[in-house]
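> fold the stuff below for me.
(one chain, ligands or ions: 1)
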Amino acid sequence: MSKITSVTHGRPLIIGGGRMGMALAEGWAKNGIDRARITIIEPDSVRREYIASQHFSVAPSLAELSQTPFDVTLLAIKPQNLPELAPQLGAFLVGKPGHLLLSILAGTRLAQLAAIAPQAAIVRAMPNTPALIGHGITACIASATCSPSLRMNATELLAAVGDVVWLGDEAQMDAATALSGSGPAYVYYFLECLIEAGIAQGLPAEVARHLALATLTGSGILATEAKESLAELRRNVTSPGGTTQAALEVLMHPASGLAPLVAATLDAAARRATELAHS
Ligand SMILES: NC(=O)c1ccc[n+]([C@@H]2O[C@H](COP(=O)([O-])OP(=O)(O)OC[C@H]3O[C@@H](n4cnc5c(N)ncnc54)[C@H](OP(=O)(O)O)[C@@H]3O)[C@@H](O)[C@H]2O)c1
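As a prediction, the model looks like this:
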C-alpha cells in the first residue's frame, strides 16, 4: 500500500462508524491521513466514545458539520438507514459540485444516490470483510459525473483496505456482490465442511482446523503468486490413480460435484442482490 495523496488538503468524512466505516478509517490512517482529519458520524454514543478513543474526529450527525470543508464522503451506514439520512445528506452536498460520494451500501444503485446528491461525483463500491484486516477486495463503478481524477482518488482510498476492481457496467455489481461480497461466507463454510470431514476421518479437531486453514491460506498465496493456471496447479497435486484423483472424481462430478452447486450458490446470491436493489 502507498500513501494516500488525494486527500491532503480537504478532509474525508465517514457516515457510519460501524465495522466497514472503521475499517476504512483505520486503512486511511495507516496510509498517511492524520486521524484527527478523518471525521466519523455515528449516532450511537457508546460507539462515538470508542471512535474518539481511537483519535478520530467524531460527531453525532451531519448537522454539526455544515461549516467544515470536506472533499470526500464515505457512506457506510446500513442500506435501510438511507431513507432517514437522505434529506440531510442531500442538503449537506448541495453546492459542492465535484464532491466525491463513495458508497459501500449493498444494493443501493448509482441512480438512487444521484437522486439524493445530484451534484456529487458518485462511486458505488462493494468491499468484503477481509477489508477489516487490509486484505479485502472492492468492486466498484462510477457515475458519469465522476471524472477520471476522482476515480483515481476513489481507487486510492479503497486500496487502503485491499485490492480494487472497476466494473464495466453497474449490472455486474450484483454478480460481484455474489462472488466477492458474499464470498468470504462460502470460504468459511467450505472450511467448516473440510474440518468436519477431517474430524470424521479421525483427526483431532484442533489438528483438522490447523490443516484446513493452513491449506487454504497456502493455496491462496500460491495461486496468487504462481505463473501456472489454477487448472495446472490442481493437476500438479493430482498423480494418476492417487488420492487426489479419487477425491476429485467426487468433487468434479458433472451432476453432483461442486461446479453446479457453486453456480447455483452465486445465482441465488445475485438474484437476491437484484431483488434488494429494486425493492
Ligand atoms: N459487512 C460486510 O461484509 C459488507 C460488505 C460490503 C458492503 N457492506 C456494506 O457496508 C455498509 C455498512 O456495513 P457494516 O457491516 O459496517 O454495518 P454496521 O457495523 O451496522 O455499521 C453501520 C453504522 O452506521 C451507523 N448509522 C446508522 N444510521 C446512521 C445515520 N443516519 N447516520 C450516521 N450513522 C448511522 C450505525 O449506527 P447504529 O449502530 O447506532 O445504528 C452503525 O454504526 C452496509 O451498507 C453494508 O451493506 C458490508
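
> so what's the residue count around residue 98?
The number of residues packed near residue 98 is 13, by other C-beta atoms under 10 Å. Bear in mind the C-beta positions are built from the backbone N, C-alpha and C, glycine included.

> helices and strands around the strand or helix carrying residue 190, which ones?
Assignment of secondary structure by DSSP states H and E places residue 190 within helix 183-200. Packing partners of helix 183-200 (3 or more C-beta pairs under 8 Å, 6 or more residues apart in numbering; DSSP states H and E): helix 205-225.

> chain center to the helix it packs on: distance?
Relative to its parent chain, helix 205-225 has a centroid offset of 22 Å by C-alpha atoms, centre = their mean, to the nearest Å.

> what sits against the residue nearest the centre of the chain?
Note on the chain: the residue nearest the mean C-alpha position is residue 127, at 1.0 Å, using C-alpha atoms, centre = their mean. By C-beta atoms under 8 Å, 6 or more residues apart in numbering, the contact list for residue 127 reads 20, 23, 104, 136-138, 158, 161-162, 181.

> and the residue lying closest to it once chain neighbours are set aside, helix, strand or coil?
Excluding the flanking residues, the one nearest residue 127 by C-beta to C-beta, 6 or more residues apart in numbering is residue 138, at 4.3 Å. Classification of residue 138 by DSSP: H, G, I helix; E, B strand; the rest coil places it in strand.

> what score does residue 138 have for pLDDT?
pLDDT for residue 138: 98.

> tell me how many other residues crowd it.
Residues near residue 138, counting by other C-beta under 10 Å: 27.

> and it, what does it touch?
104, 125-128, 131, 158, 161-165.

> which residue packs closest to the closest residue to the ligand within the stretch 151-279 of the chain, ignoring adjacent ones?
Using C-beta to the nearest ligand atom, the closest approach of the stretch 151-279 of the chain to the ligand is made by residue 181 at 5.1 Å. Distances taken as C-beta to C-beta, 6+ apart put residue 126 closest to residue 181, at 4.8 Å, once the chain neighbours are dropped.

> dihedrals phi and psi, the one you found?
Dihedral angles of residue 126 (phi, psi; degrees, to the nearest 10) stand at phi -130, psi 100.

> so what's the closest residue to the ligand within the stretch 101-250 of the chain scoring on pLDDT?
Closest approach between the stretch 101-250 of the chain and the ligand, counting by C-beta to the nearest ligand atom: residue 106, at 3.2 Å. Looking at residue 106, its pLDDT is 90.

> for it, which non-adjacent residue is closest in space?
residue 79 (5.9 Å).

> that neighbour: neighbouring residues, count only.
Residue 79: 17 neighbours (other C-beta under 10 Å).

> again, but for the one 3 residues further on
Other residues near residue 82 come to 18 when the count uses other C-beta under 10 Å.

> and for residue 23?
23.

> so what's it up against?
Residue 23 sits in contact with 127, 131-132, 136, 161, where contact means C-beta under 8 Å, 6+ apart.

> OK, contacts around whatever residue of the stretch 1-150 of the chain ends up closest to the ligand?
For the stretch 1-150 of the chain, the nearest residue to the ligand under the criterion C-beta to the nearest ligand atom is residue 18, separated by 1.7 Å. Residues counted as contacts of residue 18 (C-beta under 8 Å, 6+ apart) are 47, 76-78.

> state the number of residues packed around residue 213.
Using other C-beta under 10 Å, the number of residues around residue 213 comes to 13.

> can you read off the pLDDT for it?
98.

> how about residue 254?
94.

> dihedrals phi and psi, it?
According to degrees, to the nearest 10, residue 254 has phi -60, psi -30.

> give me the element the nearest residue to it once chain neighbours are set aside is part of.
Once flanking residues are discounted, residue 254 sits nearest to residue 260: 7.6 Å by C-beta to C-beta, 6+ apart. If you go by DSSP H and E, residue 260 is part of helix 258-277.

> what comes up buried for that helix?
265-266, 269-270, 273-274, 277 (16 or more other C-beta atoms under 10 Å).
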